[in-house]
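[1] Let's see this in three dimensions:
(one chain, ligands or ions: 1)
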Amino acid sequence: MTLIAIEWDDAAGDDGRGACRLLDQTLLPGRTTFRDIRSTDDLVTAIAELAVRGAPALGVAGAMGVVVAMDEGARSGWDEAQVQQAVDRVRHARPTAVNLAWGVDQVRPLMEQGRDAVLAAAREVARDDEAANRELSRLGADWLLERLDRPRLRVLTHCNTGSLATSAWGTALGVIRELHARDRIELVYADETRPLLQGSRLTALELASDGIPHVVQADGAAASTILRGLVDFAVVGADRIAANGDAANKIGTLGVALACADAGIPFMVAAPWSTVDLSMADGSGIEIEERSGDEVTVLNGTRLAPVDSSGFNPAFDVTPARLVDAVATERGVAEPRRGTDLTSLGR
Ligand code: MRU
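    Numbers count the residues shown, from 1 in each chain. Predicted structure coming up:
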């Protein structure tokens, strides 16, 4: 099954412009529904609701969002300033993943050449992302296999980093797919990833559709699974990686990294170069999105916590470079824990 998270559908709508088509990830795995996005409001809402999510997919959403704003502007008679304001709204729809702003910035300079030029560039952002993911997965798998000598490996991952989180293939899940293709995966422990369950809803869906052996576990089980010796390495994605290797990713990643360090097993971050933010020397300046507490206290519309209890819901954490053994990118593998930071791969 090919799960395409985001693409431009030229045939959508009736004015010849098409629409940005999103697979609505809030409804997976139960329902496969698409949202045809033709307005900035709808795109910002879809990003905020996590209908489209995952840093590289947000990069594509940013790039295609510029086309959405231009088309909406043309339909609604906006002036240039109004179109630019709409583009800025897309750029800031979520704060932590640098890819969203990066995707906007990749195509924004082409606006004066017209929407077709912007759309072509946005499609190129998507194509390049898939190529980067396949390459970083190959390099990441090579790095791991040079260090781990079990015939088949047991891996733990957190959140969803597959086709659904990218334009195709995936990052951390891409590394797992690559190892599976080489017949080197025994079992994947997929953390369920509270509160929005990207692990149990989305990662498990992708693993099942690829026939990769896996189990879903509660996030709270991860440290114990690692310290019991049931895991050979962990691999996760990232939303923003600072120059020194500090990496922001889904809340709960830091605990996985701490357990890996204690157990002495590799902790790998896998991400395309579009997730690396060399303007940040370290992770202290990374803005952590704080989402509604209701996502913690309410599950599937049912309130679990007492009405007088509020939720605390930071969506990401920052794993310090000292806990990151490897950052696999399409440019090569950096080893922050051993002192090679991301600038060694910068061009
Ligand atoms: O809130 P989400 O679902 O957008 O968070 C996603 C993650 O944290 C992913 O691990 C990260 O974006 C990398 S996706 C390849």
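[2] Wait, Val44 touches Arg91, no?
    No. If you go by C-beta atoms under 8 Å, Val44 and Arg91 don't touch, sitting 10.1 Å apart. Using the backbone N, CA and C atoms, a C-beta is placed for each residue, glycine as well.
[3] Any idea how many residues pack against Leu304?
    By other C-beta atoms under 10 Å, 11 other residues sit near Leu304.
[4] ugh, wrong one, Asp24
    Neighbours of Asp24 (other C-beta under 10 Å): 17.
[5] from memory it sits against Leu50, does it?
    No. Between Asp24 and Leu50 there is no contact under C-beta under 8 Å: 9.6 Å.
[6] Neighbours of whichever residue of the stretch 151-300 of the chain sits closest to the ligand, how many?
    Evaluated by C-beta to the nearest ligand atom, the stretch 151-300 of the chain has Gly237 as its residue closest to the ligand, separated by 2.8 Å. Neighbour count for Gly237, taken as other C-beta under 10 Å: 31.
[7] residue contacts, it?
    The contact partners of Gly237, by C-beta atoms under 8 Å, 6 or more residues apart in numbering, come to 54-55, 159, 161, 165, 171-173, 249-250, 269-271, 275.
[8] ok, 7 Å please
    The neighbourhood of Gly237, defined by C-beta atoms under 7 Å, 6 or more residues apart in numbering, consists of 55, 159, 161, 165, 171-172, 249, 270-271.
[9] For the closest residue in space to Thr340 that isn't next to it in sequence, what are phi and psi?
    Setting aside the residues directly before and after it, Thr340 is nearest to Ala334 in space (C-beta to C-beta, 6 or more residues apart in numbering), at 5.1 Å. In terms of degrees, to the nearest 10, the main-chain angles of Ala334 are phi -90, psi 150.
[10] Show the pLDDT at Ala334.
    Looking at Ala334, its pLDDT is 98.
[11] now it, which residues is it bridged with?
    Ala334 has these beta-bridge partners by DSSP bridges: Val327.
[12] Against Leu179, how distant is it?
    20 Å (C-beta to C-beta, to the nearest Å).
[13] doesn't Thr40 make contact with Val68?
    Yes. If you go by C-beta atoms under 7 Å, Val68 and Thr40 touch, sitting 6.1 Å apart.
[14] Who has more neighbours out of the two?
    The neighbour comparison of Val68 against Thr40 (other C-beta under 10 Å) goes to Val68, with 27 against 23.
[15] For that one, give me its contacts.
    Contacts of Val68 by C-beta under 7 Å, 6+ apart are 20, 37-40, 43.
[16] can you tell me which of these are in helices?
    Judged by DSSP state H, these include 40, 43 as members of helices.
[17] now, which of the contacts of Val68 sits nearest the ligand?
    So of the contacts of Val68, ranked by how close each gets to the ligand (C-beta to the nearest ligand atom), first place is Leu43, at 14.8 Å.
[18] hang on, Ala126 packs against Ser167?
    Yes. The pair Ala126 / Ser167 is scored as a contact, 4.0 Å apart, by C-beta under 7 Å.
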